[in-house]
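Asks: model this:
(one chain, ligands or ions: 2)
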Amino acid sequence: MTVLVPETFTIISYINAAACEAFHNTIYQRNSAFKWYCTLLIDTLVAQLKNLLYSWVLRCLLYFHSFQIPKMVQNSTNGSLAHRVAHQTNGTSSSKVSGKTETARNSNGLSNGIHKHSPSPSWQSSFLATTIIPILLMMLPNVTLWIWYTAVHLDGSCMECISTIVNSPNGVWGFFDVWSKVTVGSRFSVIVIGGYMLFQIVLMVVVPGKRVEGPVTPTGNIPVYKDNGLYIYLITMASFGCLTFYMKMFTTTSPSLIYDNYGDLLATINVFALFFCLLLYLKGVFAPSSSDSGSSGNPIFDYYWGTELYPRIFGIDVKVFTNCRFGCTVWALLPCCFTMKAYEMHGFDASINSIVSIIILATYLTKFFWWEAGYMCTIDIILDRAGYYICWGCLCFIPGLYTTFSIYMVNHPIALGYPMAAVILGSGIACIAVNYAADRQKQIVRATDGKVLIWGKKPEVIRAKYRTSQGEEKCSILLVSGFWGLARHFHYLPEIGLAFFWTIPSGFSHILPYFYLTFLTILLCHRTYRDDIKCMAKYGTYWQEYREKVPYRIIPYVF
Ligand SMILES: NC(=O)C1=CN([C@@H]2O[C@H](COP(=O)(O)OP(=O)(O)OC[C@H]3O[C@@H](n4cnc5c(N)ncnc54)[C@H](OP(=O)(O)O)[C@@H]3O)[C@@H](O)[C@H]2O)C=CC1
Ligand SMILES: CC(C)CCC[C@@H](C)[C@H]1CC[C@H]2C3=CC=C4C[C@@H](O)CC[C@]4(C)[C@H]3CC[C@]12C
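Replies: Ligands and ions are numbered 1, 2, ... in the order given. Okay, the predicted model is just below:
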């Protein structure tokens, strides 16, 4: 349920932006006599929408906070978060949720870490949060298909998309019309998706990597990973290069085939992912891989959120596969295929905007795989279970939404010119460098126990004590200098910046390519709240001290 706030934001901002686009395209541009009037109207509209947005944000945050704190405790997977409110003795965990202590054991005598929802009328157990919103978010497969359709067949215009849906003879069901424009399970899509997944699974098994231990789970498990992400990414990209070379030299086709069949591919992966999440749900209930599993009692919520933290199928870690091996590699490959299409259609000079974008993206993803072991300690892995949110998200939302800028650019080439291309490229790479430097500062300070120079000075640190769920006292370093002294998540700023720089080459005529940027901004703002709650539960007064020393979330003196 931790995506409530971003989703509300997303929907409102999309409606807002679509309305502005409509105004711009239909009235403002065509009738200059209305210019001043439209400007006034738009200003008023924007002001009103802003008010609406702020009041929604406030409401959602209030709801969300009252809901999330106990939820973090009950779902805590860090092995240390819950010590102030939960007790664990001899493998039995018990947490106070809604004033009622509940315990759960699995067959090996350990707590399963997941408790039945209290029947109290709190937000946590509310029908809206656990059923309605998950059902609404399950409409996102349609959204990903409409995004593709808009980019490829409606010239990237959201207004055209909305009017196609609204004018459908099927009434409200017009929203589902997009499925009639694609072939689920087409031969091509099954071969490409099946073949690619198999390729990634084989690489996961055969490519060597250092053994890495993840954080201890609440039931005392230590998940082990093979740190082979960077090699696999490089092998994947090199194989793609070879395949492209082969196709170009010896066949009449090229990887731009992916663009031509993208609707079918997206539809097929969506259907696959929806069934796969069902399988994960059943697996977690009937055949869990570890004691970090269980049901909330509400099948819809369980399907959405997942029933297992670290499911493994035939020894393959599901989240590593969905998030890293599939999600983050197709995030790099799809824009390459789309750029190929742009190049074939418009030539090099006109597709330079696409080329600039993929260079920034590929550099960013190389950085991600370089640091992949660090990702195994983030909330995606230690808090979020393998369900619709994270698994469908990585299998379909990454291909469907995260690559929007690139699919859009196929039909919107811009000959940026070399100087402009160089400025955008340089700015994007600089953002990646700052983002990486911030991640690294945190890592290096911890690895050297604070005995390192940050920005040429001895760093200020807080030695924060916390207790693991096994009752063991531990100490961690909170860095108060460098980027971590500017704001508590200053590194999100370059993250947003780099996405901005790979998006602006698509120009400013439509909002479609900016969908990812909007989503990311909302996701990261929301994540600062999630992380605050997580760290507060883990470090208590030490985190409070850090918050006092570094009062800003992302932008110093602003937010
Ligand atoms: N493109 C996308 O869709 C997204 C990209 N990202 C990127 O992924 C990367 C990881 O981000 P994210 O997962 O949000 O995690 P963060 O990098 O923000 O790390 C947060 C964790 O770091 C530790 N920490 C917090 N403050 C300090 C401090 N002052 N000193 C030392 N340690 C501290 C805490 O963990 P501990 O328990 O160890 O103390 C905290 O939970 C970032 O580069 C981010 O930009 C993130 C989200 C979405
Ligand atoms: C179902 C939806 C409403 C939401 C799905 C969201 C997920 C696809 C994404 C949520 C968090 C994202 C990520 C977090 C951190 C990352 C590290 C970064 O360096 C690379 C990207 C990523 C792995 C990123 C990927 C998408 C999410 C899992």
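
Asks: Next to ligand 1, which bits of this protein? Give me the list.
Replies: With C-beta under 6 Å from any ligand atom as the criterion, the chain comes near ligand 1 at residues 378-379, 435, 439, 442, 476, 478-479, 484, 489, 491-492, 495, 520, 523-524, 527, 531, 534-535, 538. All C-beta atoms are positioned from the backbone trio N, CA, C, and that covers glycine.

Asks: show me the contacts for the residue lying closest to Ala342 once chain neighbours are set aside.
Replies: Distances taken as C-beta to C-beta, 6 or more residues apart in numbering put Ser351 closest to Ala342, at 3.9 Å, once the chain neighbours are dropped. Ser351 makes contacts with Thr339, Ala342, Tyr343, Met345, Met409, Pro413, as judged by C-beta atoms under 8 Å, 6 or more residues apart in numbering.

Asks: Put the buried members of these into a ChimeraX selection.
Replies: The buried subset of these, as determined by 16 or more other C-beta atoms under 10 Å, is captured in ChimeraX by this line:
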select :339,342,343,409,413
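
Asks: List the contacts of the strand or helix carrying Lys465.
Replies: Using DSSP states H and E, Lys465 maps to strand 461-467. Residues outside strand 461-467 that contact it (C-beta under 8 Å, 6+ apart): 80, 83, 445, 450, 473-481, 538-540, 542-543, 545-546, 549.

Asks: Now list the buried members of those residues.
Replies: For the contacts of strand 461-467, buried by 16+ other C-beta under 10 Å: 80, 83, 445, 450, 476-481, 538-540, 542-543, 546.

Asks: What count of nearby residues applies to Phe144?
Replies: Let me fix one detail, which is that residue 144 is Thr and not Phe. Residues within reach of Thr144, counting by other C-beta atoms under 10 Å, total 22.

Asks: Tabulate the contacts of Ser351 (CSV), appending pLDDT.
Replies: Below are the contacts of Ser351 laid out as CSV (pLDDT from 0 to 100):
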residue, pLDDT
Thr339, 95
Ala342, 95
Tyr343, 94
Met345, 94
Met409, 95
Pro413, 92
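
Asks: out of the contacts of Ser351, who's near ligand 2?
Replies: Counting by C-beta under 6 Å from any ligand atom, the subset of the contacts of Ser351 that neighbours ligand 2 is empty.

Asks: ranges for the strands of this structure?
Replies: Counting by DSSP state E, the chain has these strands, from start to end: 86-89, 92-97, 100-103, 210-213, 224-227, 312-313, 316-317, 461-467, 473-479.

Asks: quick check: mean pLDDT across the second one?
Replies: Right, the one you point to is strand 92-97. Averaged over strand 92-97, pLDDT sits at 30.

Asks: again with the first one
Replies: When the per-residue pLDDT values of strand 86-89 are averaged, the result is 30.

Asks: ok, now stretch 195-210?
Replies: The model assigns stretch 195-210 a mean pLDDT of 97.

Asks: Could you export it as PDB, CA atoms only?
Replies: Extracted in PDB, the C-alpha atoms of stretch 195-210 (Å, rounded to 0.1, in the frame of the first residue of the first chain):
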ATOM      1  CA  GLY A 195      13.800 -16.600 -25.200                       C
ATOM      2  CA  TYR A 196      15.000 -13.500 -23.400                       C
ATOM      3  CA  MET A 197      13.800 -14.800 -20.000                       C
ATOM      4  CA  LEU A 198      15.500 -18.100 -20.600                       C
ATOM      5  CA  PHE A 199      18.700 -16.300 -21.600                       C
ATOM      6  CA  GLN A 200      18.700 -14.300 -18.400                       C
ATOM      7  CA  ILE A 201      18.000 -17.400 -16.300                       C
ATOM      8  CA  VAL A 202      20.900 -19.300 -17.800                       C
ATOM      9  CA  LEU A 203      23.200 -16.300 -17.200                       C
ATOM     10  CA  MET A 204      22.000 -16.100 -13.600                       C
ATOM     11  CA  VAL A 205      23.000 -19.700 -13.100                       C
ATOM     12  CA  VAL A 206      26.300 -19.900 -15.100                       C
ATOM     13  CA  VAL A 207      27.900 -16.500 -14.700                       C
ATOM     14  CA  PRO A 208      30.100 -16.400 -11.600                       C
ATOM     15  CA  GLY A 209      29.900 -13.800  -8.900                       C
ATOM     16  CA  LYS A 210      31.000 -13.000  -5.300                       C
END
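
Asks: Which parts of that stretch count as buried, going by neighbours?
Replies: For stretch 195-210, by 16+ other C-beta under 10 Å, it's Tyr196, Met197, Phe199, Gln200, Ile201, Leu203, Met204, Gly209.

Asks: What is the nearest of those to Ser239?
Replies: For the buried residues of stretch 195-210, the minimum distance to Ser239 (C-beta to C-beta) is 7.7 Å, reached by Phe199.

Asks: Can you pull the residues of the stretch 101-250 of the chain lying near ligand 2?
Replies: Proximity of the stretch 101-250 of the chain to ligand 2 is confined to Leu137, Leu140 under the rule C-beta under 6 Å from any ligand atom.

Asks: got the residue ranges for the helices in the stretch 101-250 of the chain?
Replies: 127, 133-137, 140-153, 158-166, 187-206, 229-250 (DSSP state H, counting those that start in this stretch).

Asks: Off-centre distance for the strand holding Lys465?
Replies: Centroid separation between strand 461-467 and its chain, computed with C-alpha atoms, centre = their mean, to the nearest Å, is 29 Å.

Asks: I'd like the mean pLDDT over it, please.
Replies: The average pLDDT within strand 461-467 is 93.

Asks: and it, C-alpha only, in PDB?
Replies: Presented in PDB, the C-alpha positions along strand 461-467 are these (Å, rounded to 0.1, in the frame of the first residue of the first chain):
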ATOM      1  CA  VAL A 461      29.000  11.100  11.900                       C
ATOM      2  CA  ILE A 462      26.300   9.800  14.300                       C
ATOM      3  CA  ARG A 463      27.100   6.400  15.800                       C
ATOM      4  CA  ALA A 464      23.500   5.100  15.900                       C
ATOM      5  CA  LYS A 465      22.700   2.100  18.100                       C
ATOM      6  CA  TYR A 466      19.900  -0.200  17.200                       C
ATOM      7  CA  ARG A 467      18.700  -3.600  18.300                       C
END
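
Asks: Residue of the stretch 251-400 of the chain closest to ligand 1, please.
Replies: Proximity of the stretch 251-400 of the chain to ligand 1 (C-beta to the nearest ligand atom) peaks at Thr378, 3.3 Å away.

Asks: That residue: neighbouring residues, count only.
Replies: 14.

Asks: From Gly387, how far out is Asp302?
Replies: Using C-beta to C-beta, to the nearest Å, Asp302 is found at 7 Å from Gly387.

Asks: Now the buried members of the residues of the chain next to ligand 1.
Replies: 435, 439, 442, 476, 478-479, 484, 489, 491-492, 495, 520, 523-524, 527, 534-535, 538.

Asks: quick one, what contacts Asp227?
Replies: With contact set as C-beta under 8 Å, 6+ apart, Asp227 has these partners: Gly209, Lys210, Arg211, Val212, Glu372, Ala373.
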